[in-house]
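[1] My questions are about this predicted structure, shown below with the sequence.
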Amino acid sequence: MKRFSYIFLTIAFFSASCSEKNFVITEDSIPSDIFYLENEIKPFTGKCTIYYRNTETIKETISFKKGVLNGEHTSYYKNGQVKRKGSYVNGCLHGKWTGYDMEGHKVFEAEYKNDTLVGRFITWYSSGVIREKGSYKNNHRVGEWHSFDEAGMTISKVIL
């Protein structure tokens, strides 16, 4: 899960909220780099909502500060369930990111700092039973890693 950078060259729809700029765009408008609104010279600051092509179903909600991903990011499955959520700081994954399956069950939790996996990492079966847990340091597995079967019984324990 490396950097999720986006630039939006065209804006399909515009809508404003009371306190900040909020724009609606299509999923076809997702290249990468700094985000500018069409016909603007300053990088965009505010929130964007991306819809799946030819639908009214939200695909992602993202925030920008001076044209760079900054703040909360949430992506959704076509059925409306949250797919993953977390935050960016200066265009980098930062803090806790959580992923879900199409039914809304939590399937992973990871910690990032400046696009780098650090700290606790856990995956779950859709039943809620832990599948694997351990820690990362600089994108590498470190310390004890445990794997479990769907009944919660230990399959393996590895010390790295």
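    Okay, I see it. Predicted, not measured: the structure shown is a model, and the values here were computed from it. Numbering: from 1, shown residues only.

[2] Phi and psi next, for the residue nearest the centre of the chain.
    Centroid-nearest residue in the chain, with Cα atoms, centre = their mean: residue 85, separated by 4.5 Å. Dihedral angles of residue 85 (phi, psi; degrees, to the nearest 10) stand at phi -150, psi 150.

[3] who are the neighbours in contact with residue 137?
    Counting by Cβ atoms under 8 Å, 6 or more residues apart in numbering, residue 137 makes contact with residue 118. C-beta coordinates here come from the backbone N, C-alpha and C atoms, glycine included.

[4] my bad, should have said residue 131
    When contacts are counted by Cβ under 8 Å, 6+ apart, residue 131 touches 123-125, 147-148.

[5] From those, which land in strands?
    The strands, defined by DSSP state E, take in 123-124, 147-148 from the contacts of residue 131.

[6] can you pull the pLDDT of residue 106?
    On pLDDT, residue 106 comes in at 97.

[7] on that earlier part again, among the ones in strands among the contacts of residue 131, who's most crowded?
    In terms of neighbour count, residue 124 stands highest of these at 20 neighbours, by other Cβ atoms under 10 Å.

[8] Hmm, residue 106 and that one touching each other?
    Yes - Residue 124 is within contact range of residue 106, at 5.6 Å (criterion: Cβ atoms under 8 Å).

[9] rewinding a little: farthest pair within the contacts of residue 131?
    Using Cβ to Cβ, those span at most 12.3 Å, a distance reached by 124 and 147.

[10] Excluding covalently adjacent residues, which one is nearest to residue 144?
    Counting by Cβ to Cβ, 6 or more residues apart in numbering, residue 144 lies nearest to residue 159, which is 5.4 Å off, once chain neighbours are set aside.

[11] how many other residues sit next to that neighbour?
    Residues within reach of residue 159, counting by other Cβ under 10 Å, total 8.
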